[in-house]
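Engineer: Next input, structure requested:
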Amino acid sequence: MKTLLMSRWLRGVGVAAVLVLAGFLGIVTRVLASEGLVEHGRYVFYAAGCVSCHTSDQLMAGGRSLVTPFGTFYPPNVTPHKEYGIGAWNEEEFVRALREGVNPQGEHYYPAFPYTSYTRMTRQDMQALYAYLLTLPASSRERRPHDVQWPFSLRSMIPQWKSGRFTPGAYHADPEKSAQWNRGAYLANALGHCSECHTPRDFLGAPRRDRYLAGTCTGPDDRVVPNITADRKTGIGNWTYEQLLTFLRTGKKPDGVFTSSLMAEVLGTSCMRLNEYDLHSLAIYLQSVPQIHNDLDTLCTPYDDSFIYE
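Structural biologist: Numbers count the residues shown, from 1 in each chain. Predicted structure coming up:
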């Protein structure tokens, strides 16, 4: 009898030990998964160029002005502060903001927030970005109201603006292109949102798809944004693949001059932080963009090279 009781006791101890070990391993697995999600979110954060618009003197605390032909926008605080940031948002509300351009209260965002590009992000990237943002220091900076000209100041017009100009949904890979080309397209069109600055807009602020990446005279802060299509005279068609990679890695142009101003900031807070595979993917994609002749030297008058954003 004693032997039987001892055997049962040992079996019970063994089962308990297994359950404790399984619980511990489960906790470790969840912690590692969470850490992996945050680290992935950190990569998405830089690939998506979040710093440039949302940082003035405090990381992601907003307050920086974004001057456009329609008025001046002030990107908001997106730190984890529960009152002034996104700390009270749940994951679904964050995903909806990126995918549909709508805030938790159901209001439509002005398209100065590039949800028209971010909508193409995968849900996994959105979730990872949300997880990473919640790890940043919270800031109590209040949101500054936009200074937008009438009638563009009317938020009630945004749903009508979206109709026919905005199609929400994740990026769909082109099956006729390589995996690396598709990765580059995703980086340029979803995360990096290159088109938001490099594509001219019509009188209502909608990007002109027939002039995709052909540059514009009315870029951020009234700067000229260059043509980055494959046109040999007005774009980057004369750049070799290696020269384009060098530019993305260092900001150095084929003429030996380093870029400055806004593009230097974009490179430093985004492109320069990409891994080698993604840098090559982005270069492959950009060199495949159809050439468009767009002579900004002639169009952007009065011409002043101090305003060139390249």
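Engineer: Now the phi/psi pair for Val67, please.
Structural biologist: Val67 adopts backbone torsions of phi -90, psi 130, taken as degrees, to the nearest 10.
Engineer: And the residue lying closest to it once chain neighbours are set aside, its phi and psi?
Structural biologist: With CB to CB, 6 or more residues apart in numbering as the criterion, Val67 has its nearest non-adjacent residue at 4.7 Å, and that residue is Asp221. Every C-beta, even on glycine, is put in place using the N, C-alpha and C of the backbone. Dihedral angles of Asp221 (phi, psi; degrees, to the nearest 10) stand at phi 60, psi 30.
Engineer: do you know how far Asp221 is from Thr122?
Structural biologist: 31 Å (CB to CB, to the nearest Å).
Engineer: Same question for Ile236.
Structural biologist: Distance of Ile236 to Thr122, given as CB to CB: 28 Å.
Engineer: And for Ser178?
Structural biologist: In terms of CB to CB, Ser178 sits 18 Å off from Thr122.
Engineer: before we move on, back to that, which one's more surrounded, Ile236 and Thr122?
Structural biologist: Between Ile236 and Thr122, Ile236 has the larger neighbour count (other CB atoms under 10 Å), namely 24 against 14.
Engineer: pLDDT value on the more buried one, please?
Structural biologist: The model reports Ile236 with a pLDDT of 95.
Engineer: List the residues that contact it.
Structural biologist: The neighbours of Ile236, taking CB atoms under 8 Å, 6 or more residues apart in numbering as the test, are 227-230, 244, 286.
Engineer: Need the residue closest to the centroid of this structure.
Structural biologist: Ala48 (2.4 Å; CA atoms, centre = their mean).
Engineer: How much space separates that residue from Ser140?
Structural biologist: With CB to CB as the criterion, Ala48 and Ser140 are 24 Å apart.
Engineer: For the spatially closest residue to Tyr115 that is not a sequence neighbour, give me its contacts.
Structural biologist: Closest residue to Tyr115 apart from its sequence neighbours, by CB to CB, 6+ apart: Gly101 at 3.8 Å. Taking CB under 8 Å, 6+ apart, we find Gly101 in contact with 108-109, 111, 113, 115-116, 119, 158, 162, 166, 168.
Engineer: count of neighbours near Trp181?
Structural biologist: Trp181 is flanked by 17 other residues according to other CB under 10 Å.
Engineer: Can you flag which of the contacts of Ile236 belong to strands?
Structural biologist: Of those, none are assigned to strands by DSSP state E.
Engineer: Using JSON lines, lay out those residues together with neighbour count.
Structural biologist: Formatted as JSON lines, the contacts of Ile236 follow (neighbours: other CB atoms under 10 Å):
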{"residue": "Asn227", "neighbour count": "26"}
{"residue": "Ile228", "neighbour count": "24"}
{"residue": "Thr229", "neighbour count": "24"}
{"residue": "Ala230", "neighbour count": "18"}
{"residue": "Leu244", "neighbour count": "21"}
{"residue": "Leu286", "neighbour count": "23"}
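Engineer: Which two of the residues you listed have the greatest separation?
Structural biologist: Based on CB to CB, the longest span within the contacts of Ile236 runs between Asn227 and Leu244 and measures 14.0 Å.
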